[in-house]
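**Q** A predicted structure for the sequence below; I have some questions about it.
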Amino acid sequence: MTIFLLRRLGQSLVALFGVMTLVFFIQRLTGDPTYLLVPETATQADIEAMRHALGLDRALVVQYVDFLWDTLRFDFGKSFIQNVPVTTIIASRLPYTLQLAGGALLVAIAIGLPVGLLLALARKQRWTNILMGVVLAAQSMPTFWSGILMILLFGVGLGWLPPSGSGSFAHLIMPSIALGLLSMATYARITRSSVLDELSKDYIRSAKARGVKTGRLVTRHLLRNSAIPVISITALEISQLLAGAVIVETVFAWPGLGLLTVQSVVSRDFVVVQGVVLLGALVTIMMNFLADILYSFVDPRIRLDGVSG
Amino acid sequence: MTFSTFIKAAALATVVFLPANAALAKDDLVVNLVNEPATLDPHMQWNPDSYYVYRNIFDNLVTRDDAGEIVPQVAESWKQLSDTELELDIREGITFHDGEALTADDVVYSVKRITDPEFSSPQLGQFNSIIDAKKIDEDTVVLTTKSPYPALLAQLVKLSIVPEHVASELGKEGFNEAPVGSGPYKFAGWDRGVQVKLTRNDAYWGEQGAFKTVTFKSVPDASTRVANLRAGTADLVVSLDSDLAMQLEGSTEAQVLSAPTERVGFMGMNTLVAPLDDPEIRRAAAMAIDREGIVEGILRGGETVASQMATSAHFGFVDSAEPIPFDLEKAREIVAAKGDAAKVPMKFATSPVYDQRIVQAIQQMLNEAGFNVEISMTDMATYLKAAQNPDQMARPQLSFGRWSCACQDVDGVQYPLLHSSSNWSRVNDPELDALLETGRTTLDKEARLAAYAKVQKIVADNTYIMPLYQAAALYGASNGLEWQPTANESLFLNRMSWKD
Amino acid sequence: MMKLLKTLREAFFPKSAKGIPVGVFVAIVAVLVLVAILAPLLAPVGPNTQNLMGRLKPPGTVARGTMFILGSDELGRDLLSRLIYGARVSLSVAFLSVVLSGCLGTVLGMAAGYKRGWVETIIMRVVDIFLSIPAILLAIITVAVLGPGFINVILVLALTRWPRYARVAYGQTLAVANMPYVRLSKAMGASWIRILGLHILPNIIAALSVVATLEFGLMVLFEAGLSFLGLGVQPPMASWGAMLSVGRNYVSNAWWIATFPGICLFLLVLSVNLIGDRLSEYLNPKSR
């Protein structure tokens, strides 16, 4: 087991290295920030001078080695645009991203899990179909559209909530719902289908036949055994919520990492993009790592030692 | 009960629960920008979201009044000593926000700072014709330029004076984080990604601001900016197009403020590659564009059809110039007569920051005349890279832009767009180049005007570029705000106030 | 053939019908597909014909002798015509990107789950890498390197979405690969391609079809999102997402611009999701 964990950790580091290398090079395929930095009237010489000042006129390999060396020393560089250390910029955005991701996950799980369970247990009932329709409807609108409608209704028309921005709990409500509704349906579906899957298994049937109470059945067997897909989805969802809130953050002017990512990619602020991607990759890869390990706890059929057959 | 009465009823109900809104006690002005400032060090970057904020923290050597005239600010008066020397008389009694006096030394330091290649200011190109700054006595400074430079004063409008004792001590990074200036507002804090706060400088030498504090927030989505304004959580928002502004018309809580700018909207053509290397085809393309339709059908924000690449606010504007007439039939005839030569596919390069309504309107108008135009929309960095390709021939065949040099001088518009050595130019005409150089390096006003009159004739005769309209800047403001926006597209807070 | 039809009928119009039969949603999608195919016949005028003096006209306005049945947009184009042509773009982008990412992800995920060892290591780490790169970065890079366009939107979507299928296929394959009959057939010397195709794929297709249908809806939404960020199909080409992302700026003065594409998009995504839902229930025999 320990050997497995170490090996898996090693692989994760290799993947991390892969991400950073890939991001380093593909970004530089798309131009550089100099044109956006200089005024429109700049001459070619001004542009070259700026490029030189940023160190972007050096050979790509040299820049890459520099980048690796700096990263190994935990020096993540300074933003080309803002001239401020990347760590400062990310640190200022991270709390907002965590708030939003937390809020959205809460909305998604608090609604999605019970709904999914309900849908599975009461699947013979007529109203479950309508419930499922409602759940799916919540996921069938682009957030940039539902977002502005929410803003106009609750922010402008009714004046219940601040239309955009950050700073209080009230500010967090609309973005969390807009983002959370997307994942909510995913949770409901996955929970339902995996619970249904378990329900049809022999041990449940025999447990039922033996007269085990439904509540006990659900808590002791069903939830535990149908947890794999849910865990797998959570791992994916968390990393997506961290990075994928781009549109919600844009619409609600929420100062999270998603907005920062778009703004830095668009302005070719390579250093900031590298920082954000490194953080995102760490989270994603760790989540997948954790999901793999959790698999092995909840479902011993999957053997982690890699010896199959 | 209709939906809207439901909303009204519900809104009424909430009044009971919420404290009276903040409209009464307005000490704080909230401004919504698109992005947060890149930097507040005025020597580091010249982009709108940055200078909207920092021009309130710093005083510049000279400035422009609401009518667009260059007027004294830090420099009380000036005189030209020779073709290359300008003497500036520094105003006495200005103090920085830390209480230290602004002296001739600070002026010299500021000039040297921004022109130092080691400092690598992105604005270096605007100031590198200044080769020396000398302090003559406590309140006199002499600037020396490489060669005669008529646009010098117009450039000095953009030169902010920073305190030597603070900037040299804190260094580039430190000063960016805690800028100290002498302007009507003081830097109070920057919550990165969220907002920048300024407080009034009660010891300001000039006109005092009306607001105790000002908050600049970044709101990237234009619809959200409008919503903030309507909900009363913003008092002033920038970057609206006319259709968004229309939503505010007739609203009880907000108004649209607009001003003609010195920006000229234009359609750029690559005159060096087929099919637009043929002057007749260029002429046909120009005639196919219905500028009245664009100005009156789409924009409707106070724009006017342009006859040349300048506005009447620019030095070098030619009164007698006439716009190229819109004549779709004639354009069609020419295109048909040219046959395949005119049907070479053309790429219309653009990026989301440009008004896509106009880009699509132009594309459709050209295609209706028989051209084969396709829009190629990329993000801004990719667009700029293509538009400023070192190889002139590889620059976009068609583009739409709105150019401003923030200098109100034809040189700042026409030289970068038309001189063959410039990054943007898709024209290569030695006669034109010579005239533009004359205009750039001659101090005699009459001689410059004569040169620009010839430039205008050559450009029009050859249809090197297609001027479209003089752009207007639109702002949304809460009804209580009193402000007349100006052509220079700056937000000078001490020129705004609350209505009584 | 008859058997297949019967199966489909049972799936979509079960005898014990509860709520709205899924057939209704199948019909909605079928109609939308038909509209997309027949667009040139159905559209009253060209989707890109402008009338700058007839901008933002409400539904029913007559301008230049033709009626804007659903109103006109910000350039005076007929909204109905754009909606009809937009169906083509929205449906084909979503369909092609699901096919592309689904095939790629499934094959790689199954291979990883079955072969294990270094194959698994490499594939699953590549999955990790792709999941870690922000989609917006991939989108901008694709556009910057290959140029903007319809095909590249599909490529962007496929590139960002295949890891999802890969992870599901991988997880499911792991669970199935140790089943007795798979072991048996392996012991009998069946080739791994045969095992994957005959024994494993049929067992995991239910889970994958849930993912694929969910993804189809998501792809419609993602295309819209790319348009919102200025990275979608090229203007003036109409897609529902592009129309919606422009129309949202006109909610209070020209509600129709966003409302109609919004309804179409909503109906499409909802129908596809409901169909997928029913399909997964049906394909998963244990749950019935």
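**A** Good, I have the coordinates.
**Q** those helices in the stretch 151-300 of chain A, which residues are they?
**A** Assignment of helices within the stretch 151-300 of chain A using DSSP state H, counting those that start in this stretch yields the ranges A:169-199, A:202-210, A:214-216, A:223-225, A:227-243, A:246-251, A:257-266, A:270-298.
**Q** again, but for the stretch 401-500 of chain B
**A** B:410-418, B:430-441, B:445-462.
**Q** tell me which strands and helices the first one is in contact with?
**A** Counting contacts by 3 or more Cβ pairs under 8 Å, 6 or more residues apart in numbering or on different chains; DSSP states H and E, helix B:410-418 packs against strand B:254-269, strand B:398-403, helix B:430-441, helix B:445-462. For glycine as for every other residue, the C-beta is placed from the backbone atoms N, C-alpha and C.
**Q** Please report the distance of the residue nearest the centre of chain C from C:I84.
**A** Centrality entry for chain C: nearest residue to the mean C-alpha point is C:F216, 2.4 Å, by Cα atoms, centre = their mean. In this view, C:F216 and C:I84 are 20 Å apart by Cβ to Cβ, to the nearest Å.
**Q** One more: B:Y469?
**A** Distance from B:Y469 to C:I84, by Cβ to Cβ: 34 Å.
**Q** swap in C:V269?
**A** Taken as Cβ to Cβ, the span from C:V269 to C:I84 is 18 Å.
**Q** These two: who's more crowded?
**A** Higher neighbour count among C:V269 and C:I84: C:V269, with 27 against 22, using other Cβ atoms under 10 Å in any protein chain shown.
**Q** does that one count as helix, strand or coil?
**A** Under DSSP: H, G, I helix; E, B strand; the rest coil, the three-state class of C:V269 is helix.
**Q** Surely it touches A:W145?
**A** No: with contact defined as Cβ atoms under 8 Å, C:V269 does not reach A:W145; the gap is 11.7 Å.
**Q** Mind checking the helices of the stretch 401-500 of chain B for the one nearest to C:G189?
**A** helix B:410-418 (74.5 Å; Cβ to Cβ).
**Q** what's that closest one in contact with?
**A** A:40-41, B:150-151, B:154, B:264, B:266, B:268, B:309-310, B:314-317, B:403-406, B:422-425, B:427, B:432, B:436, B:439-440, B:452, B:455, B:459, B:464-465 (Cβ atoms under 8 Å, 6 or more residues apart in numbering or on different chains).
**Q** from the chain's centre, how far out does that helix sit?
**A** Chain-centre distance of helix B:410-418: 14 Å, with Cα atoms, centre = their mean, to the nearest Å.
**Q** ok, now stretch C:71-90?
**A** So, by Cα atoms, centre = their mean, the centroid of stretch C:71-90 is 20 Å from its chain's centroid.
**Q** sorry, back to before: got the contact list for the residue nearest to the centre of chain C?
**A** Counted by Cβ under 8 Å, 6+ apart, C:F216 has contacts C:A94, C:F95, C:V98, C:V272, C:G276.
**Q** Would you mind listing what in chain C touches chain B?
**A** Counting by Cβ under 8 Å from any Cβ of the partner chain, the residues of chain C close to chain B are C:48-50, C:52-53, C:55-56, C:74-76, C:140, C:143-144, C:147-148, C:230-231, C:234-236, C:246, C:248-253.
**Q** Narrow these to just the buried residues.
**A** With burial judged by 16 or more other Cβ atoms under 10 Å in any protein chain shown, the buried subset of these is C:48-50, C:52, C:55-56, C:74-76, C:140, C:143-144, C:148, C:230-231, C:234-236, C:246, C:248-252.
**Q** from these, which are also near chain A?
**A** When contact is defined as Cβ under 8 Å from any Cβ, these meet chain A at C:I140, C:A144, C:R248, C:V251, C:S252.
**Q** farthest pair in those residues?
**A** C:A144 and C:S252 (35.6 Å).
**Q** remind me, longest helix of chain A?
**A** helix A:86-121 (DSSP state H).
**Q** what helix or strand does residue 24 sit in?
**A** Using chain A here. Taking DSSP states H and E as the definition, A:F24 sits inside helix A:2-28.
**Q** if you could check chain C rather than the one you did, that'd help
**A** helix C:22-37.
**Q** Who are the packing partners of that helix?
**A** So helix C:22-37, by 3+ Cβ pairs under 8 Å, 6+ apart, packs with helix C:2-12, helix C:79-115, helix C:255-283.
**Q** buried set for the second one?
**A** To tie it back to what came earlier, the one meant is helix C:79-115. C:79-91, C:93-98, C:100-102, C:104-115.
**Q** Could you do the last one as well?
**A** Of the residues in helix C:255-283, those with enough neighbours to count as buried (16+ other Cβ under 10 Å) are C:256-262, C:264-283.
**Q** Just give me the residue closest to the centre of chain A.
**A** Short answer for chain A (Cα atoms, centre = their mean): A:Q240, at 2.0 Å.
**Q** Quick one: name the residues of chain B near chain C.
**A** B:222-223, B:243-244, B:246-247, B:290, B:293-294, B:297-298, B:351-352, B:356-357, B:359-361, B:363-364, B:374-379, B:381-382.
**Q** For chain A, tell me which of those show up nearby.
**A** B:S223, B:D379, B:A381, B:T382.
**Q** Domain-wise, how is the chain divided?
**A** Defaulting to chain A. Annotated domains of chain A cover A:2-72, A:92-298 [automatic domain parsing].
**Q** Switch to chain B, please.
**A** Split by automatic domain parsing, chain B gives B:3-55+B:171-260+B:473-498, B:62-166, B:261-472.
**Q** which one of the ones you listed lies closest to A:G31?
**A** domain B:261-472 (4.4 Å).
**Q** what about the closest one, start to end distance?
**A** Chord length of domain B:261-472, first to last residue, is 5 Å (Cα to Cα, to the nearest Å).
**Q** ok, back up a step: just flag the most distant two among the contacts of C:F216.
**A** C:F95 and C:G276 (13.6 Å).
**Q** show me what contacts the closest residue to A:L54 other than its chain neighbours?
**A** Among residues not flanking A:L54 along the chain, A:F80 sits closest, at 5.7 Å (Cβ to Cβ, 6 or more residues apart in numbering or on different chains). Contact analysis of A:F80 by Cβ under 8 Å, 6+ apart lists A:P33, A:L37, A:L54, A:R268, A:D269, A:F270, A:V271.
**Q** By neighbours, which of those residues wins?
**A** A:R268 leads the contacts of A:F80 on contacts (other Cβ under 10 Å) with 29 neighbours.
**Q** Run a quick check on that one versus A:L36, I expect a contact.
**A** Yes: at 6.7 Å, A:R268 counts as touching A:L36 under the criterion of Cβ under 8 Å.
**Q** Identify the contacts common to these two.
**A** B:A381.
**Q** where in the chain is pLDDT low?
**A** You didn't say which chain, so I picked chain A. A:1, A:236, A:239, A:242-244, A:295-309 (pLDDT under 70).
**Q** think we crossed wires, I meant chain B
**A** Using pLDDT under 70, chain B drops low at B:1-25.
**Q** Find the residue closest to the residue most central in space within it in space, skipping its chain neighbours.
**A** For chain B, B:S404 is the residue whose C-alpha lies nearest the centre (Cα atoms, centre = their mean; 5.1 Å). Excluding the flanking residues, the one nearest B:S404 by Cβ to Cβ, 6+ apart is B:R263, at 4.2 Å.
**Q** what about the one you found, distance to B:Y415?
**A** On the measure of Cβ to Cβ, B:R263 and B:Y415 end up 16 Å apart.
**Q** Check C:P44 too.
**A** C:P44 is 49 Å from B:Y415, by Cβ to Cβ.
**Q** Tell me which of these two has more neighbours.
**A** B:Y415 (23 against 14).
**Q** Tell me, how many residues neighbour B:R113?
**A** 18.
**Q** so it touches B:I161, yeah?
**A** No: counting by Cβ under 8 Å, B:R113 does not reach B:I161; the two are 10.2 Å apart.
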